[in-house]
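Peer 1: coords please:
(one chain, ligands or ions: 1)
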Amino acid sequence: KQPHQRELFGQPIGLYILFLTEMWERFSYYGMRALLVLYMTTATIGDERGAGLGWTNSEALALYGWYTMLVYVMSIPGGMIADKLIGQKKAVLLGAIILCIGHGVLVLTDIWAFYTGLGLVILGVGLLKPNISTMVGGLYKEGDIRRDKGFSIFYIGINLGSLLATMIVGLVVKEWGWHAGFGLAGIVMLLGLINYIYGQKYLAQVGNFVPAKKDDPNEISYGKLYAKLFKSPTQLIFALILLAASIWGWYTLEWGYGLLFIFLTAVVVLLMMIYKELDSQVFKDRFMVLLLSFIMVIVFWGAFEQAGGLMNLYTETNTDRMLFGWEIPTVMFQSLNAGFIIIFATVVASFWAKRKLKGKEASSLFKMALGIIIMGFGFLFMVFAAMEFENSGASSMIWLVLAYLFHTIGELCLSPVALSFITKLTPVKYASLMMGVYFAATGLGSKVAGIVGEAASDFGEYTIFLGILIFTVIVGTLFILILKPLKRLTHGAEDNERMMH
Ligand code: GLN
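Peer 2: Sure thing, here's the model as predicted:
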């Protein structure tokens, strides 16, 4: 047997190496994410956890929004670097090393160290996150039925990391201060790195760099793709309009938005040119379906990511957190999502598997649309919470538990499925890039979530939660209505999965 085909519990051993690497990476990411806003808003003197930065809430939330967005948007260059220069396996290695350094720098208390550390974490995650996910896909041959299950297992690793972090990091900070918390993230990332290096022998067949042969039709040349724009007047005009709009955005909004729009223009133009390049209608149609499914991804994360923002603040200020005479710390509510994932990931996966055995196989698109609707219904409980708060001045925490439960079931229908779907629908040569575009879409969702969350100060939580509920249910339902034609456009990408060893 080839090395990567050695199995444990019916899955390639390489999956568990990637599982552990991602688990420690997510520990460091979520541990740090849980501290970030608190650290920024803590006063510079007089706090037992050590000096914070003394920023206002809105300053902190603004930086936090940009940070969580950039972390995922950098997946696009991260994916490209893997494709063009070093392969996914080395990109993950490099990302892990940069992350160790980034978290290490955050141990220092200077403000330059804060920005440098964040910058390095953005680069590190950008290199690691999309490429490790593509490598999971690469463990399976086309049509291998174990792929979806593999992604579900991988997703448990992600959330195990997040769960451990949200339980432990807060305690460490309470005991030893902010920078010990940042340092812990660094140590844990080092564990991830060591595990990854040790596990290389199980990853021999996956994520390797295949250097471009001259004029290889399977090779993407980004330069050539952009150059072709100048041969096609309609597309050039479209690209110029986008660019002009971006520059207008630069001058009328913050400069950060201007940069973001220009970056998005570059991505949209690239996707347009890739579409033109695809050599068969089948691939073109699949590409279109994938891009349409990214609309669901943006809407989903735009609502879901309220968790770290508006719902977090709501937990802090509007929720009665007393349980048997003990006040549950706000941060602990952030572990509900990860905890529920771990409990329900296999339940949801086997639910779909059982339906498949009965011949009632659900398509990825259906699961994603259903995921949005279920997640959206989670906001019904937040609407109830807001009503209770308005009537009695505090809302019960049961609403939060129910909301996070629905959010999690929705996430399980959408997120691991989407990862797997990308690796099924994209020709191999574009796989890493599209994984990057997917994560960038989740990053845009995070930014949308921040903007929607901020609007709560004008409209009130009740209206915002109700608005999210209605909007997400409508979007999910629309996708279910157009499911048939969409599925037709996938040209049976999911029809012939079978056991392959
Ligand atoms: N919670 C998941 C993770 O950290 C998904 C995040 C995302 O796709 N934006 O991997």
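
Peer 1: For burial, what's the neighbour tally of the residue of the stretch 301-450 of the chain found nearest the ligand?
Peer 2: With Cβ to the nearest ligand atom as the measure, the residue in the stretch 301-450 of the chain that lies nearest the ligand is T442; the distance is 3.3 Å. (Glycine included, C-beta is placed from N, CA and C.) Using other Cβ atoms under 10 Å, T442 is surrounded by 24 other residues.

Peer 1: ditto for I241
Peer 2: Around I241 sit 11 other residues, with neighbours defined as other Cβ under 10 Å.

Peer 1: Quick one: classify it as helix, strand or coil.
Peer 2: The three-state assignment at I241 reads helix, by DSSP: H, G, I helix; E, B strand; the rest coil.

Peer 1: and A303, what is it in contact with?
Peer 2: Taking Cβ atoms under 8 Å, 6 or more residues apart in numbering as the contact definition, A303 lies against I372, M375, G376, F379, A449, V452, I468, F471, T472.

Peer 1: which of these sit farthest apart?
Peer 2: By the measure Cβ to Cβ, I372 and V452 form the most distant pair in the contacts of A303, at 15.1 Å.

Peer 1: more neighbours, those two?
Peer 2: I372 (28 against 20).

Peer 1: Chain neighbours aside, what residue packs nearest to the more buried one?
Peer 2: With Cβ to Cβ, 6 or more residues apart in numbering as the criterion, I372 has its nearest non-adjacent residue at 3.7 Å, and that residue is G476.

Peer 1: would you list every one of the strands in the stretch 251-400 of the chain?
Peer 2: For the stretch 251-400 of the chain, the strands defined by DSSP state E, counting those that start in this stretch occupy 319-320, 322-323, 326-327, 395-396.

Peer 1: Packed most tightly, which of those strands would that be?
Peer 2: For those, the stretch with the most neighbours on average is strand 395-396, a mean of 20; neighbours defined as mean count of other Cβ atoms under 10 Å.

Peer 1: contact partners of it?
Peer 2: By Cβ under 8 Å, 6+ apart, the list of residues contacting strand 395-396 from outside reads N318, T319, D320, F384, A385, A386, E388, F389.

Peer 1: hang on, the residue of the stretch 301-450 of the chain closest to the ligand packs against V71?
Peer 2: No. Taking Cβ atoms under 8 Å as the definition, T442 is not a contact partner of V71, at 9.9 Å.

Peer 1: Could you give the backbone dihedrals for H491?
Peer 2: Listed backbone geometry of H491 is phi 50, psi 50, with angles given as degrees, to the nearest 10.

Peer 1: burial count for it?
Peer 2: 16.

Peer 1: and it, what does it touch?
Peer 2: V282, D285, R286.

Peer 1: For PyMOL, what selects the buried ones among those residues?
Peer 2: Here is the PyMOL command that selects the buried residues among those (16 or more other Cβ atoms under 10 Å):
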select buried, resi 285+286
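
Peer 1: among the contacts of H491, which are in helices?
Peer 2: Here DSSP state H is the test, and those give V282, D285, R286 as lying in helices.

Peer 1: Run through the residues of the protein sitting next to the ligand.
Peer 2: Proximity of the chain to the ligand (Cβ under 6 Å from any ligand atom) is limited to residues R26, Y72, I158, W301, S415, F439, T442.
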